[in-house]
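Colleague: How does the following fold in three dimensions:
(chains A and B)
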Amino acid sequence: MGPSRNSRSSSHTALISQLPRWLRPPRTLRPTRAGWAFFVLLLSTGVATILIGNNLLHIVLALMLSFLVLSGLLSEAVLRDIRVKRHLPNEAFAGQATAMAIEIENPHRIMPAYALVLEDFAQMAGEAESPFPVSRIFVLHVAAGTTKTRTYSMKATQRGPCQLLGFRISTRFPFGLFSKALFLEEPDELIVYPAIHKGGAAHHQVRDPGDESTQQTQKRLLGPEASQVRPYETGDSQRRIHWPSTMRRGEILVRAGETSEAYAAEVMLTTRGIEPGKAFEVQVCRAATEVLQLLQEGVEVGLRTDSTNLPPRDTTRSQLLRFLALVQPESSLAAADSLEGNAA
Amino acid sequence: MSRKEFRVPVEGPLPLGAVLTAAMASVILGLSGALPAWILCLQAVAMLTTMILREKAMPWQSKALPFIVGSFGVGLLCLITYDGRILITVGIAAMLFQALLLLNARPRRTRFPLVGLALTQVLVGSILTTNVFYAIFVILFLLGTLWTLLLHTLQAEAFESGDPESAFRVATRGLITMTLASTLVTVLMAVPIFVVLPRMHTHLDHSGAGSGQGNQAGFSDRVRLGALGEIRSDPSIQMRIYVDEGPVPVRSEAYWRGMSFDHFDGWEWSVSPDGEISGFTYMPRHGYQLRSKTGGQAQSIVREPTIRGVVFTTEVTQLVGGGLNSLDMDGNESLFAPHTERAQITYSLRFDPQPSSSSLGTGATAVLPQDPQAKRYLQLPESPELSATLERLVAKITGDATSDADKARRIEGYLQTHGVYSNQPPALDEDLSISPIQGFLTDGLEAHCEYFATSMVLLARTANLPARLVNGFAGGRENSVGEFIEVAGSDAHSWVEIHFAKEGWVRFDPTPADQRLSAMPDMGLGRRLADTAGALKLWWFRHVIDFNSNTQMEMVEAGRIQVSDLYQFIRKRPQELEEGNRQPGFVPTVSLGLITMLLVAILSYKLYAKRIQDPIFINVHYVKALALLRRRGIRPQRTQTARDFLTVVQAGVPTQAAAVFERLTRSYEAERYGNRNSLTAGEELRELRDILKQ
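Modeller: As a prediction, this is how the structure comes out:
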């Protein structure tokens, strides 16, 4: 019994989808102005050599040809096997410069890498335009068997998932006659959180999760409960650090449960009956600003929309911000599905 | 941003490699000898100035105006010095523009114009010279060019990226090593490319090559008595001869025939104007067939420029092969390659031994050759006194000779035994009616080979033996390094040919032998060095300068035979080897052996390297262990050392796993800080994985 038609057709589809990747040349090679001049010289020398038949001209022609081959070999040796690793920041906010770190590793034993230019290509979700470089990093020299770290600053203009596709690495090494480039696929996703207003979001709706009717922020006193500890996350208040556990375990731990003096609040965000656009984005930004402000004050924050509820006790900072990064108005089914998935 | 050109000019001193490139290019062009001395001096001054001012440029070097004016000046100079030789003018222009570029200290985006001008000089020089030192200078030129372009590319990239400080830290030892290695690789790659590049010519014109004609009046079509003696004072090498087949000739029996003369007027020899000039047709892969036979011996000759393009042959030459565009022969069987008077040429000979006086049969009869003008070989000068002297001597020498051969031998023997060799012949006084031969024959037989040979020709003709004078070279000296014979001007010699019925033209040498052959010099260091230089020059000429399509085909054919022999040898069919029961070719056998050894060495190294576990493997094992722990929620912090993290792990994993991880940590530290490799890191990782799975 052979494979089913469905599995056969899916394997064919996979093959066809891989085809453009195979057909795309692994390297791009563009002569520089000096490279074109070299070609002209080479051609002229070749013609003169063939016509005159002088063997010393043959020597010069042979040297020029092997010079060309050497240029290709050296540039290939430099680019080949270069490994690049991206270190994403813990948090990235729209409109704010975010530092990204890149590690460039040269695993060769002997051959150093020279004059590498790295461009990190990204594509914002939902954007129709083609991928664009978000950075341009130059590394003059990476010795054999070593790693160099470089950082660059990236400023996302809008919230949401930013697809980082990979790196284009190019070099004009060794002789500046050609610019050789290759594309190193290093897919990654950076969730860009909403922009934060410096002035705060004092007018945004916040409610006490225990009180359905109130529209005001209220401090709520909760009874003491046994504390559970969890690892520290960026944004956790230092007051929540549980020092005994931290000393014992050797890593920073914070209280996961409620204490005798704990505050909780829920930030409201309207998602129904509103169209995607600037108004909605402003609302999201205000909600995010409020969330951060409350977290800084040591309040346990939750988030409630028209279809989703993230309770304050069980929701971490990163979960809240991620939700706000991805939330869409409920005017589309796809947005609702996305929210369910992202809330998890 | 486009990367098609460098956008930011590089500031800083000119790299030394650029000066080397420029200097070597100028030297290569200067090797041709075609440039006026003042141009070379100008270039030398420019280079010296560049070197002195390299680190501290003068203000005028950073301005554009001096160089614009200089460019116009160079253009004007080229126009003024133009003498119809466009190549020389192009070379001069490239050299002078290069000098301007060297002095120009303004920041540059690219050094390619400088390299391009230097390359132009190299190309022009390549056409004009064949000097053996070309190879060394072109390699140095390559080295300078590689360094210049490498360095400039890195500096330009640094400037373009906004990090100009790093531009001056790129000239590291590693980069220098890379440049040297790249030069070597380029040269090695160029060798096979040079061999396989297509050649359109079977013969090459090396006009202008070689050491010049020197004084070669002895090979002109009219030679006065004493002219050959002047050639003998020239020590320069006239020919280099490889013995390809047959025995190496003994010095006393080594003769190379140049010009032959049949008419003597008492003072000078000439070729009869009625003699015919015949041409030969070139036969591919054979050459010029002079006679019907193939010839059992072979020599290859490299001849320096010679008057009238004389082609020197030996013994009874059957075939002349090699790189001659055409071959002519006059009525006295002297050979010429037209238009090669100023060229160094190479050709091969296939020949059979020429009968000489010692091998001539006792009863041999002299006859006139089959030639309508053959009576010219009995011509005597119109001088009654000389004729009377000759007759008297002939009667005395050959009075009781039994045959023509006997007569000829007696004449030869008489001159050899009664003559005295001297480089100072009797004075040639043209005002008197007495031929110098008259004085030679009557005043003690003291002179050099020309007089002895002329006398024998005249005596033989007086005895009714058809004879002619031959000018050429005899003796030579073996170059022990290159194993070839060097023939110098001092080996110029005259001898006689007499025609016999059965043997044809037979060689007679009446010059006293012990004076003709100079003593062999001692093989001191100086001589050895001279021999090495001679061998190198000859190798350079034969294998590089004169490499043509015939040579390529010969190499292919030789390779085919070698491979076929090797194949037969491997198949164990020695009886099927080509004639002569040759052993499998040395080259393919050695090549096969070397390739096998190389493969074994590479395989052994890889196995060894894998066994000792390169440091990078240690890192991989430790990193993989960290990944295992991360899955269990144990992550190292950035501020933690390996030991600190070990403490954390010991608190969070079973004791057994902690112990394994401790060993792994120690291996990692030993590799990282102690440069010691561990053979057990892989096993420790596997153990850790197994424990953590439980």
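Colleague: B:Gln318 should be in a helix, yeah?
Modeller: No: counting by DSSP: H, G, I helix; E, B strand; the rest coil, B:Gln318 is not found in a helix; it is strand.
Colleague: Could you find the closest non-adjacent residue to it?
Modeller: Residue nearest to B:Gln318 in three dimensions, not counting chain neighbours: B:Gly295, with 3.7 Å by CB to CB, 6 or more residues apart in numbering or on different chains. Using the backbone N, CA and C atoms, a C-beta is placed for each residue, glycine as well.
Colleague: what helix or strand does the one you found sit in?
Modeller: Using DSSP states H and E, B:Gly295 sits in no helix or strand.
Colleague: Next one: it from chain A, what distance?
Modeller: As judged by CB to the nearest CB, to the nearest Å, B:Gly295 and chain A stand 29 Å apart.
Colleague: ok, that residue - contacts?
Modeller: B:Thr317, B:Gln318, B:Leu319, B:Leu349, B:Arg350, B:Phe351, B:Asp352 (CB atoms under 8 Å, 6 or more residues apart in numbering or on different chains).
Colleague: Excluding sequence neighbours, find me the nearest residue to residue 312.
Modeller: Since you didn't name a chain, this refers to chain A. A:Gly302 (3.4 Å).
Colleague: looking at chain B here, not the other one
Modeller: Per CB to CB, 6+ apart, closest to B:Phe312 is B:Trp256, 4.3 Å.
Colleague: Does the one you found touch B:Gly475 like I think?
Modeller: No: using CB atoms under 8 Å, B:Trp256 makes no contact with B:Gly475, being 9.7 Å away.
Colleague: hmm, back to that, how many residues are close by the residue nearest to B:Phe312?
Modeller: 26 (other CB atoms under 10 Å in any protein chain shown).
Colleague: Helix or strand: which one has the residue nearest to A:Pro312?
Modeller: Secondary structure (DSSP H and E) places A:Gly302 in strand A:299-304.
Colleague: What strand or helix carries B:Ser667?
Modeller: helix B:655-674.
Colleague: If you count neighbours, what's buried in the helix or strand harbouring B:Glu684?
Modeller: In the assignment (DSSP H and E), B:Glu684 maps to helix B:681-693. For helix B:681-693, burial by neighbour count (16 or more other CB atoms under 10 Å in any protein chain shown) applies to B:Ala681, B:Glu684, B:Leu685, B:Glu687, B:Leu688, B:Ile691, B:Leu692.
Colleague: Report all helices and strands that it contacts.
Modeller: Applying 3 or more CB pairs under 8 Å, 6 or more residues apart in numbering or on different chains; DSSP states H and E, one finds that helix B:681-693 makes contact with helix B:615-631, helix B:655-674.
Colleague: and the stretch 451-600 of chain B, which residues reach chain A?
Modeller: B:Val544, B:Ile545, B:Asp546, B:Phe547, B:Asn548 (CB under 8 Å from any CB of the partner chain).
Colleague: nearest to B:Leu119, of those?
Modeller: B:Val544 (19.6 Å; CB to CB).
Colleague: before we move on, back to that, tell me the most packed of the contacts of B:Gly295, by neighbour count.
Modeller: Neighbour max across the contacts of B:Gly295 (other CB under 10 Å) = B:Leu349, 26 neighbours.
Colleague: Spatially central, which residue of chain B would that be?
Modeller: B:Trp540 (0.9 Å; CA atoms, centre = their mean).
Colleague: Domains in the chain, by residue range?
Modeller: Defaulting to chain A. Listed by automatic domain parsing, the domain ranges of chain A are A:26-192, A:206-222+A:262-343.
Colleague: wrong chain, I was asking about chain B
Modeller: Split by automatic domain parsing, chain B gives B:16-196, B:556-610, B:613-693.
Colleague: which of the ones you listed sits most buried?
Modeller: Among these, domain B:16-196 has the highest mean neighbour count (mean count of other CB atoms under 10 Å in any protein chain shown), at a mean of 18.
Colleague: So for residue 53, what's the pLDDT?
Modeller: Just going to use chain A. What the model reports as pLDDT for A:Gly53 is 85.
Colleague: To clarify, I was referring to chain B.
Modeller: Residue-level pLDDT assigned to B:Leu53 equals 87.
Colleague: just B:Asp429 next, same as before
Modeller: At B:Asp429, pLDDT is 58.
Colleague: Ok, the one 3 residues further on next?
Modeller: We note a pLDDT of 61 for B:Leu432 in this prediction.
Colleague: Right, I'll leave it there.
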